[in-house]
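K.L.:
build me a model from this:
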Amino acid sequence: MSEKEIGVNTTTKAQLTDVLYEKLGGLSKKEAADIVDAALEIMKKTLENGEKVKLSGFGNFSVRFKNSRVGRNPATKKPMTITKRHVVTFKPSPRLKELVNEAVDQPDL
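P.N.:
Sure, this is the predicted structure:
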């Protein structure tokens, strides 16, 4: 799998594992999968604790609290209460925004 194939539709953990396996060469596929799983687990635990995850050159993940509010059921159009909750937000780095915009401007992608 080439790097260009990532992101064609949806990037999966399996694809991340394959790219890590190819890039680092000396790892087994199991070790590459363990590294991907460990990295994602660290990110999940950090967010569960209400802390930010900052990945230099990529972006920031954070947890934000949203109060309950009145919304509308799209099927019935009747008002309903949307419960309070925590949501994960992502803010891309300026470099990631730049790379995405450059890629979108290229017709071959």
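K.L.:
okay, which residue is most central for this structure?
P.N.:
In the chain, the residue lying closest to the centroid (C-alpha atoms, centre = their mean) is residue 90, at 7.6 Å.
K.L.:
contacts only, for that residue.
P.N.:
59, 60, 61 (C-beta atoms under 8 Å, 6 or more residues apart in numbering). Using the backbone N, CA and C atoms, a C-beta is placed for each residue, glycine as well.
K.L.:
just how off-centre is the helix or strand hosting it within its chain?
P.N.:
Secondary structure assignment for residue 90, by DSSP states H and E: strand 85-92. With C-alpha atoms, centre = their mean, to the nearest Å as the basis, strand 85-92 stands 10 Å off its chain's centre.
K.L.:
do the same with stretch 27-39
P.N.:
Chain-centre distance of stretch 27-39: 18 Å, with C-alpha atoms, centre = their mean.
K.L.:
need the contacts of residue 90 in a markdown table with distance to residue 71, secondary structure and neighbour count, can you?
P.N.:
Below are the contacts of residue 90 laid out as a markdown table (distance: C-beta to C-beta, whole Å; DSSP: H, G, I helix; E, B strand; the rest coil; neighbours: other C-beta atoms under 10 Å):
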| residue | distance to residue 71 | secondary structure | neighbour count |
| --- | --- | --- | --- |
| 59 | 28 | strand | 16 |
| 60 | 27 | strand | 14 |
| 61 | 25 | strand | 18 |
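K.L.:
longest helix anywhere in this protein?
P.N.:
What stands out as the longest helix in the chain, according to DSSP state H, is helix 29-48.
K.L.:
in this protein, where is pLDDT below threshold?
P.N.:
Residue ranges of the chain with pLDDT under 70: 1-8, 107-109.
K.L.:
can you list the domains in it?
P.N.:
1-49, 50-109 (automatic domain parsing).
K.L.:
could you say which of those is packed most deeply?
P.N.:
Comparing the domains of the chain by mean neighbour count (mean count of other C-beta atoms under 10 Å), domain 1-49 ranks first with a mean of 13.
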